[in-house]
Structure formats: structure tokens, C-alpha cells
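Enquirer: could you work out the structure for the sequence below:
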Amino acid sequence: MIKVSLEVRDGNAPVEVEVCADSIKQAVGIARERFPGLEVRVVFPIEGEEFFGGVKGDGARESGRQKLVPDRAG
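Expert: Predicted structure coming up:
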């Protein structure tokens, strides 16, 4: 699993979110599903340590960015 920072934009109000997924393509798809009709783009540069770090068990995050994770239907 990877973590990718994405910018979700509705007009002039961008919001940066962090998405956990198996690929960048899947991360963008998750954000587009959660924010239908809004512009979604990958934030570059991608930080290698965070990108390959996966998800912490407690979900802790110091950056203050929102975090999206795929819904897990049981």
C-alpha cells in the first residue's frame, strides 16, 4: 500500500488530501469517487519515504492533511 498526496479543487478552493491505495491510479480513482465532479491531481514531488511508507496502524498523521482510505466492506 502507498500514500499519495492529492489536490482536490472546486473552483479556487484547493484542499490537499492523502489517499492510501495500492497504486497512484487507484488513489486518484478513490478521490474522484469521494469528490465527484471536482478536479483531482497528484501533488508533486512525491516524497519517497511517505510514498512507500504505507499506512500507520493508528492512522496518525502530523501533516494536518485529510486522509482517505478505501472503504473496506466486511
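Enquirer: low-confidence ranges in the protein?
Expert: Where the chain drops to pLDDT under 70, the residues are 47-74.
Enquirer: so in it, which helix runs the longest?
Expert: helix 24-34 (DSSP state H).
Enquirer: buried residues, that one. List them.
Expert: In terms of neighbour count (16 or more other CB atoms under 10 Å), helix 24-34 has its buried residues at 26, 27, 28, 30, 31. To be clear about C-beta, it is placed using only N, CA and C from the backbone, and glycine gets the same treatment.
Enquirer: switch the residues you listed over to CSV; also include distance to residue 43.
Expert: Below are the buried residues of helix 24-34 laid out as CSV (distance: CB to CB, whole Å):
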residue, distance to residue 43
26, 16
27, 11
28, 11
30, 15
31, 11
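Enquirer: and the residues you listed, which is closest to residue 20?
Expert: Distance to residue 20 across the buried residues of helix 24-34 (CB to CB) is lowest for residue 27, with 7.5 Å.
Enquirer: the closest one and residue 21 touch, don't they?
Expert: Yes. Counting by CB atoms under 8 Å, residue 21 is a contact partner of residue 27 at 4.0 Å.
Enquirer: joint contacts of the two?
Expert: Overlap of the contact sets of residue 27 and residue 21 (by CB atoms under 8 Å, 6 or more residues apart in numbering) consists of 2, 4.
Enquirer: list the contacts for residue 23?
Expert: residue 2.
Enquirer: can you tell me how far it sits from residue 36?
Expert: Separation of residue 23 from residue 36 (CB to CB, to the nearest Å): 20 Å.
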